[in-house]
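Chemist: Quick one: sequence plus predicted model below, questions after.
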Amino acid sequence: MIGFRVPLVRAFVAVMSCAALAANAVLLTGSAPAQAAAVPSVQTPVMGPSLLNADQLKDWYHSKHSGPPNLPNLGNDIKKLAQIFLSEGNIDGVRGDVAFVQAFHETGAFMFPSYGQIRGDFNNFAGIFAFNGRAKGTTCAAETAPSRCFSSPTMGVRHQIQLLRGYADASVKNLTRLIKPPSDRVGAAPWWELFGGQSGKAIWATAINYGTTILTSYQGVLARNGINSQCLVYFKGAQTGTVGNGYWLFGPDGATYPFGSASGYGGLTHLKLWGPIVSAEAAPNKQGYWMLGFDGGVFAFGSAKFKGSLGGVKLWAPVNDFATTPSGNGYWLIAYDGGVFSFGDAQFQGSLGGVALTSPVIGIETTPTGKGYWLVEQQGKVWAFGDAKHFGNIHPTNGIVELKRTPTGNGYYQLRKDGAVAAFGDAKHYGDQRACGLSPASHMIVTPTGKGYWIVSTTGSVLAFGDAKALGMPSTTTGGVAGFALHS
């Protein structure tokens with residue numbers, strides 16, 4: 001090992017005794033059982049902010065239906081109904097615009113056809129309590145329990161919104177609500193694509209692909225208004241990217257999730273780790289990868305070469321990221337206090353030991369030559385070493401979670417916790433996840449062309465921007481996302 005640091009974080013951090021685990025890293029190379037390829041998941045969250053306003057929903061409605069809706073309690077004003085959906089959705093944290101599209105399907109374009117159970121003056125926009133076999137409704141006075149009538153349009157929408165949240169949010173079990181799903185389905189469907197009967201348990205409806213039918217229409221509303229098509233994170237037709245064949249996601253528990261052309265070379269879920277995995281990198285030939293533990297333990301899989309670790313070394317601050325040399329015969333580890341540790345053919349180019357930092361150092365990114373690197377602080381300040389050039393930085397309130405360079409090394413991106421992307425040098429902005437209602441951003445990968453990138457949230461939802469191709473994501477991850485690496 002070469003390199004040094006002067007500790008800045010004075011509180012001693014007790015790290016795991018990782019000498020044995022570091023040795024295991026050598027033994028694990030190529031020997032850990034390969035995981036089965038992950039099945040791509042579609043994930044369009046039920047919860048989150050609406051992306052459309054009432055005028056846009058009204059415009060879409062009239063593009064689909066020429067006449068006025070049958071809404072006698074609202075003066076047949078579709079905009080008033082749309083605004084109720086947005087307002088009620090905002091109160092409960094549910095995407096009210098998607099719920100409006102759901103109601104469009106449930107009510108026959110808000111015309112309440114005579115063959116259905118619900119009448120236009122029932123204030124019921126989602127077929128609530130319209131069970132199979134019930135007679136057609138006539139008047140609210142004639143209804144038997146449970147009544148399919150609600151006292152006002154707002155109360156009808158509120159029941160629909162609360163029921164949607166019940167399917168999406170397990171915490172509803174402990175809340176007093178107007179309506180809840182069956183107890184075995186509370187929190188069972190956080191994504192619209194899970195709605196329907198395909199799981200064997202009906203989520204709202206028994207029709208197969210009920211949720212994706214709604215999203216097909218919703219995608220049409222987005223397309224009509226030219227906004228945020230990326231927010232349907234893995235919906236067929238929502239993405240137009242052509243670059244990228246595979247990538248890996250890594251969990252804090254050492255789980256590996258390969259997608260597209262990426263293969264699984266093993267994971268760490270079969271081991272009892274002393275602490276979480278905090279970062280991961282692909283081998284240069286894309287036939288393996290490394291994982292990094294928070295104490296500096298390095299684990300190599302497939303073609304990735306183990307060149308040493310900090311297991312068993314008493315650190316002043318935990319490590320949080322690492323980067324590899326172009327040859328794959330070395331790597332650098334970075335700690336929160338700015339300390340840099342070099343292994344193999346990685347050349348030490350300097351660290352932030354002894355520098356008064358404004359915030360912890362959270363990432364390292366190397367130049368294409370491997371003769372330099374950038375360090376980035378949580379609040380955005382970028383430090384350049386070796387042949388790395390400084391192109392600017394931001395100072396956000398939400399904090400930086402990642403810095404990634406362009407293929408040329410003449411620019412880089414800063415990814416913020418809220419999903420915002422800032423571009424510097426020859427980096428170009430192709431969009432970000434701020435408006436999509438997803439969980440905080442975690443990592444990003446730049447496409448080989450430099451004309452796009454992928455962003456992954458802390459729950460594993462992957463958004464593709466620019467020429468990046470949507471390839472999939474885990475249906476769930478355990479504890480978040482620790483790493484995100486490109487295969488090809």
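Modeler: Nice, thanks for sending it over.
Chemist: and the helix or strand containing Gly166, what's its mean pLDDT?
Modeler: Per DSSP states H and E, Gly166 falls inside helix 153-168. Mean pLDDT, helix 153-168: 97.
Chemist: Likewise for stretch 78-94?
Modeler: Average pLDDT, stretch 78-94: 96.
Chemist: Give me the contacts around it.
Modeler: The contact list for stretch 78-94 (C-beta atoms under 8 Å, 6 or more residues apart in numbering) reads 46-50, 53-55, 57-58, 61-62, 68-69, 71, 74, 95-97, 99-100, 103, 110, 125, 153-154, 157-158, 161-162, 164-165, 168-169. Any C-beta I mention is one placed from the backbone N, CA and C, and that applies to glycine too.
Chemist: Can you mark which positions in it are buried?
Modeler: Across stretch 78-94, burial judged by 16 or more other C-beta atoms under 10 Å covers 78-79, 81-89, 92-94.
Chemist: Check stretch 160-171 too.
Modeler: By neighbour count with 16+ other C-beta under 10 Å, stretch 160-171 contains the buried residues Gln160, Ile161, Gln162, Leu163, Leu164, Arg165, Gly166, Tyr167, Ala168, Asp169.
Chemist: can you map out the helices along the stretch 201-350 of the chain?
Modeler: 210-225 (DSSP state H, counting those that start in this stretch).
Chemist: er, the stretch 51-200 of the chain actually
Modeler: Under DSSP H, counting those that start in this stretch, the stretch 51-200 of the chain gives helices at 54-64, 78-92, 96-106, 153-168.
Chemist: can I get these in CSV with distance to Arg405?
Modeler: Output for those, formatted as CSV (distance: least, C-beta to C-beta, whole Å):
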stretch, distance to Arg405
helix 54-64, 38
helix 78-92, 39
helix 96-106, 37
helix 153-168, 37
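Chemist: and of those, who's closest to Pro182?
Modeler: Comparison of the helices of the stretch 51-200 of the chain against Pro182 by C-beta to C-beta identifies helix 153-168 as nearest, at 9.4 Å.
Chemist: Low-confidence stretches in the chain?
Modeler: Counting by pLDDT under 70, the ranges of the chain that qualify are 1-42, 227-240, 435, 437, 475-476.
Chemist: domains of it?
Modeler: In the domain annotation for the chain, the residue ranges read 19-39+236-486, 54-231 (automatic domain parsing).
Chemist: what comes up buried for stretch 54-66?
Modeler: Counting neighbours by 16+ other C-beta under 10 Å, one finds that the buried residues in stretch 54-66 are Ala54, Gln56, Leu57, Lys58, Asp59, Trp60, Tyr61.
Chemist: whoops, stretch 463-478 was the one
Modeler: Across stretch 463-478, burial judged by 16+ other C-beta under 10 Å covers 463-475, 477.
Chemist: again with stretch 364-384
Modeler: Of all the residues in stretch 364-384, those buried under the rule 16+ other C-beta under 10 Å are 364-367, 370, 372-384.
Chemist: try stretch 481-488
Modeler: Residues of stretch 481-488 classed as buried by neighbour count (16+ other C-beta under 10 Å): Val481, Ala482, Gly483, Phe484, Ala485, Leu486, His487.
Chemist: same check, this time on stretch 405-414
Modeler: Arg405, Thr406, Gly409, Asn410, Gly411, Tyr412, Tyr413, Gln414.
Chemist: got it, and stretch 439-449?
Modeler: Ser439, Pro440, Ala441, Ser442, His443, Met444, Ile445, Val446, Thr447.
Chemist: and of these, the nearest to Lys272?
Modeler: Of those, the one sitting nearest to Lys272 (C-beta to C-beta) turns out to be Ser442, at 24.3 Å.
Chemist: which element is the closest one on?
Modeler: With DSSP H and E as the criterion, Ser442 is inside strand 441-446.
Chemist: Which elements pack onto that strand?
Modeler: Applying 3 or more C-beta pairs under 8 Å, 6 or more residues apart in numbering; DSSP states H and E, we find strand 441-446 packed against strand 400-405, strand 411-416, strand 452-457, strand 483-486.
Chemist: partners of the second one, with directions?
Modeler: So the one you mean is strand 411-416. When pairing is defined by DSSP bridges, strand 411-416 lines up against strand 400-405 (antiparallel), strand 421-425 (antiparallel).
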